[in-house]
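> Requesting a structural model of the entry that follows:
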Amino acid sequence: MTQSQMSARVGLFFLLGAALIWVTYEALSGNELKPKNAYELTARFSSLKELKTGDEVRMAGVAVGVVKQARLVDRTAEIVLQIRDTIEVASDSTATIAMSGLLGSNYVSLTLGSPSAPPLAPGSQLRSEDTPDLNTVVSQFGDIGRKVEEALSQFSGALGTDGEDGIMGRINALVDENSTRIAAITTNLETITNKINTGEGTLGKLVNDPQAYDELVSTLTEIRAAADEAKTFVADARGIVDQVKSGEGTLGALLYDGETGDNLKIVAANLRELSEKLNNGNGTLGRLINDDSLFIEAQNAVQKVNRAVDGMADQGPITAVGVAANTLF
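Got it, this is the predicted structure:
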């Protein structure tokens, strides 16, 4: 191996060593951003859930920064986030701790916020929201499983057939005690269904006879029409009653108009007085109704007129006038 080959190998190993040192440095430094290219925000949580320095900060799934520091402040966990200076975080954005899959590491997730919200200034505190982690979810599932198991155990005990305390045991005893009645009921039901299938009885005709069904539907239609007419009649009657109550129309005026009622009383009194006079024979009409002599006199006058007319038929004009005068007077 020549001297130049040895020098090339030494240089290559040196470059590889420098690259490894740089990768190790970046890993140990937690992927921190340079201060001149980032600004800091803080967020507080009740628990960081295994979140550590160097974990990513994502917005809408895109990496926008890293976790610079985790510390305790006023008995709460506070993290310092380094955000790229090209990214603006809205003032109504919310920070949560999320998981990258079941076996992945945690990261800080930021919501986009509303477009009209102003951006946060460097050093501001983000709104935060605690979310359950995998351990909490598993613990809750365990509690639910135990409760379901207890409920199923109680349900199984209630339905148990051992002894007479269980529901199934009581049902079995009830069936045994009433087996004869149940058999009779079953037989009766079978008889009824057979009659219905053969078209016997009203229900059987309705089920099997289309004409009976059509007549029933027609009857129901007529009943419905009659009900509609009754509703219309009731509505009209209600309208008439309302008009009468408001004093409209003749009947309303008679019932609710005092002047009309007084006039009606006067007319009734006059008719009563008139009938009394007629019954007593007062006046011409009363005498015509009650005195027969006026009728007899009128009859005699008519007879005289008839004789005068007969006499004038046999005499001349002058003589006829004389005859009529003698006859009438």
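> which residues in the stretch 1-150 of the chain form helices?
With DSSP state H, counting those that start in this stretch, the ranges of helices along the stretch 1-150 of the chain come out as 3-28, 134-159.
> now the helix or strand just after the last one, how far from the chain's geometric center?
Following helix 134-159 in sequence order, the next helix or strand is helix 167-177 (DSSP states H and E). When distances are taken as CA atoms, centre = their mean, to the nearest Å, helix 167-177 is centred 44 Å away from the chain's centroid.
> before we move on, what about stretch 76-89?
49 Å.
> list the buried ones in that stretch?
Buried residues in stretch 76-89, counted by 16 or more other CB atoms under 10 Å: Ala77, Glu78, Ile79, Val80, Leu81, Gln82, Ile83, Ile87, Glu88, Val89. (C-beta placed from N, C-alpha, C; glycine too.)
> Pull the most distant pair out of those.
Greatest spatial distance among the buried residues of stretch 76-89 (CB to CB): Ala77 and Glu88, at 25.5 Å.
> Which one of the buried residues of stretch 76-89 is nearest to Asp176?
With CB to CB as the yardstick, the closest approach to Asp176 among the buried residues of stretch 76-89 comes from Ala77, at 67.4 Å.
> Can I get stretch 201-216 in PDB, CA atoms only?
The C-alpha atoms that make up stretch 201-216 are tabulated as PDB, following Å, rounded to 0.1, in the frame of the first residue of the first chain:
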ATOM      1  CA  GLY A 201    -117.200 -14.700  11.300                       C
ATOM      2  CA  THR A 202    -116.900 -10.900  10.800                       C
ATOM      3  CA  LEU A 203    -113.100 -10.900  11.100                       C
ATOM      4  CA  GLY A 204    -112.800 -13.900   8.800                       C
ATOM      5  CA  LYS A 205    -114.900 -12.100   6.200                       C
ATOM      6  CA  LEU A 206    -112.900  -9.000   6.500                       C
ATOM      7  CA  VAL A 207    -109.700 -10.900   6.000                       C
ATOM      8  CA  ASN A 208    -110.900 -13.200   3.100                       C
ATOM      9  CA  ASP A 209    -113.800 -11.400   1.500                       C
ATOM     10  CA  PRO A 210    -112.700  -8.400  -0.700                       C
ATOM     11  CA  GLN A 211    -116.300  -7.200  -1.000                       C
ATOM     12  CA  ALA A 212    -116.700  -7.000   2.800                       C
ATOM     13  CA  TYR A 213    -113.500  -5.100   3.000                       C
ATOM     14  CA  ASP A 214    -114.600  -2.700   0.300                       C
ATOM     15  CA  GLU A 215    -117.900  -2.100   2.100                       C
ATOM     16  CA  LEU A 216    -116.100  -1.500   5.400                       C
END
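> Tell me the buried residues in it?
Gly204, Lys205.
> Now tell me what touches it from outside.
With contact meaning CB atoms under 8 Å, 6 or more residues apart in numbering, stretch 201-216 is reached by Lys195, Ile196, Asn197, Thr198, Gly199.
> Many thanks, I have nothing further to ask.
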